[in-house]
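> When you get a sec, could you give me coordinates for this:
(one chain, ligands or ions: 1)
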Amino acid sequence: MLGGVSVCVLVVALVAAAAYLYSRWRHNYWAARGINTPPTLPFLGHIHKMMNMEPGRFLFDYEVYSKYGGSNYCGLYEFHKPTVFVGNTELMKHIFVKDFDHFTDRRTFEFYSERDKLISEMLSVKNGKEWKVLRSIMSPIFSSGKIKSMFSLVTQVADTLVTYSLEQASKQPHVEIKDNFGRFTMDTIATCAFGINCNSFANKNAEFAKNADDFFTYGPLKTFKMIIALSFPKIFKIFNFSFNGPELDFFKNVADQTLSIRKTGNKRGDFLDLLLEERTSDNKENSTNKQALSDRSIVSQSILFLVAGYDTTASTLSFCSYELAKNPREQQRLRNELIDVMKENNGELTYQGIMEAKLLNACLNESLRMYPPLSTTERVCVKPYQLPGTNIHLKPGDIVQLPIWCVQHDPKYWPEPDTFRPDRFMPENKNQIHSYTHMPFGMGPRNCIAMRFALMEAKVALAKMVLAAEMSLANKDEELKLVTGGGVMRPKNGIKLILRPINQQ
Ligand code: HEM
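Residues are numbered from 1 along each chain as shown. As a prediction, this is how the structure comes out:
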């Protein structure tokens, strides 16, 4: 006769065995269709690897890409949910562009708390028709003409960056350049999207900077909440979790206040002015614009610019400076180009001069190839679709992962992928670049809306730094360690550079 305890143990063992078999059965989805997957962990599938912050998701992706058929396509599991990983560039072209009408959406969180609902208004998480309308209203504010009008705002912040960095260099052996570029992108967004002078260089604890720091700190709790929100939205709803803290209210208040001042006619030529202009512009879609661009939506988009533009651009600048410091010959070539560009423009660094500087463009593109801040992007299928040439039939709601980092490091497309070679992007070599193998800003109608702005901002800062100082690595032998936090790839221990002012040599 079994005792009570033994019965309990038996029941637990049976339930555990049944759960395990259920999990194995769910993880058989791809194998049953003859599609490769990397080994799974019961219940978790691959989620623990996808959410891994150190060294970051890109290493798992590269294993999938090179060992499990991902350079063509293969299957993954987020817990039990099957997703498709597509590294074949022809298929990527279909998903990003040719068959975009099947892949208009991005995965989105369901938000329930009042505070989080501000996130739901952002362009990056809107889907379907709402996304289309908002994107068409917002696209004109990122046209080259409008970006040019923001050049002088960006230049002022870049001058402060250089002065601050050189002052630091005169007092200490090295400069933590990622920190400085972070302040630069923060101040740029504060001035261009919130219309305020944040001056985080003068005061590291300035309210704006401090709240942004809290906002971008991804501790275990925030990561846990993100996993729950993405994979178990119902649990998120039942427990009424709130994803964001009070720092979001701070940004909302700043944007609200600035918005009311602007409505009185006070203009600066920044994103806020441009969004307000779009709302009142006299075009045929005017009435739709007014509805889509409510005050609340404008406030959300201002916060989005901070979310999307702060760390991505600061990391890009840091990685590019790191490679230039490691490669003094390339750094000097770039400096020579910039000196020539200035000579051609009466000794000034003009918008046109910067935008036409070929090596400057090539250096940034090459570092964005080696270190794309977003290592993966994804699309959500919205209509039944068969991946061309495969037996993968996607249903609405299925997720496709597109591994940016992997194709940008595939030696088939990029010989010696870990070597910094800006010449790959010089005009004479551009015809050797395969399509869909360089996409740090994503691709197609849902790519980064602010690509031109981000590149202009990065070019101005990099050009000014390279002209002002010679950069070298403080710790030549230290290996660059990468981490992924909040989805963005960044240097784990920052980047320490020695800066030698040029005019004092
Ligand atoms: C070097 C800096 C940046 C990089 C590498 C970058 C990269 C990206 C990537 C990979 C995507 C996803 C594209 C796709 O799925 O195809 C994206 C989307 C987006 N980015 Fe950027 N980004 C940068 C800077 C910025 C800045 C400065 C802003 C705003 C001022 C911004 C605003 C956005 C927005 C709003 C989206 C969503 C677009 C949509 O869903 O329609 N980004 N970005």
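> May I have the secondary structure class of the residue in the stretch 1-150 of the chain positioned nearest to the ligand?
Per CB to the nearest ligand atom, residue 124 is where the stretch 1-150 of the chain lies closest to the ligand, at 3.7 Å. All C-beta atoms are positioned from the backbone trio N, CA, C, and that covers glycine. Of the three states, residue 124 takes helix under DSSP: H, G, I helix; E, B strand; the rest coil.
> show me the contacts for it.
By CB atoms under 8 Å, 6 or more residues apart in numbering, the residues touching residue 124 are 106, 304, 307-308.
> Of those residues, which is the nearest to the ligand?
Taking these together and measuring to the ligand by CB to the nearest ligand atom, the closest member is residue 308, at 3.4 Å.
> from the chain's centre, how far out does stretch 316-330 sit?
20 Å (CA atoms, centre = their mean, to the nearest Å).
> Provide a list of residues in contact with residue 409.
Residues in contact with residue 409 (CB under 8 Å, 6+ apart) are 62, 370, 417-418.
> Now do the residue of the stretch 1-150 of the chain closest to the ligand, the pLDDT please.
Predicted confidence (pLDDT) for residue 124: 93.
> re earlier: with secondary structure, pLDDT and neighbour count as added columns, please give the contacts of residue 409 in a markdown table.
Shown next, in a markdown table, are the contacts of residue 409 (DSSP: H, G, I helix; E, B strand; the rest coil; pLDDT from 0 to 100; neighbours: other CB atoms under 10 Å):
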| residue | secondary structure | pLDDT | neighbour count |
| --- | --- | --- | --- |
| 62 | helix | 95 | 19 |
| 370 | helix | 98 | 20 |
| 417 | coil | 98 | 14 |
| 418 | coil | 97 | 8 |
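> From these, pick the one nearest residue 429.
residue 417 (15.4 Å; CB to CB).
> Of all pairs in the contacts of residue 409, which one is the farthest apart?
Of all pairs in the contacts of residue 409, the most separated under CB to CB is 62 and 370 at 13.1 Å.
> how deep is residue 341 tucked in, by neighbour count?
By the criterion of other CB atoms under 10 Å, residue 341 has 22 neighbours.
> just checking, it is part of a helix?
Yes. Residue 341 forms part of a helix when assessed by three-state DSSP.
> That one contacts residue 355, correct?
No. The pair formed by residue 341 and residue 355 falls short of the contact definition of CB atoms under 8 Å, at 10.0 Å.
> all strands of the stretch 351-500 of the chain, in order?
Counting by DSSP state E, counting those that start in this stretch, residue ranges of the strands within the stretch 351-500 of the chain are 377-380, 385-386, 393-394, 399-402, 469-473, 482-485, 488-491, 496-501.
> next one: the stretch 1-150 of the chain
Under DSSP E, counting those that start in this stretch, the stretch 1-150 of the chain gives strands at 73-78, 81-86.
> Quick one, which of these gets closest to residue 210.
From those, taking CB to CB, the stretch that ends up closest is strand 73-78, at 34.2 Å.
> tell me which strands and helices the closest one is in contact with?
helix 29-32, helix 47-50, strand 81-86 (3 or more CB pairs under 8 Å, 6 or more residues apart in numbering; DSSP states H and E).
> List of residues touching that strand?
Contacts to strand 73-78, defined as CB under 8 Å, 6+ apart, come from residues 26-27, 29-30, 33, 35-38, 40, 45-47, 50, 64, 68, 82-88, 91, 230-231, 387, 390, 392, 399, 401.
> Quick one, which of the residues you listed are buried?
The neighbour-count criterion (16 or more other CB atoms under 10 Å) marks 26-27, 29-30, 35-38, 40, 45-47, 50, 64, 68, 82-88, 91, 230-231, 387, 390, 392, 399, 401 among the contacts of strand 73-78 as buried.
> quick one: the spatially most central residue of the chain from residue 408, how far?
The residue lying closest to the centre of the chain (CA atoms, centre = their mean) is residue 374, at 4.4 Å. To residue 408, residue 374 is 11 Å away according to CB to CB, to the nearest Å.
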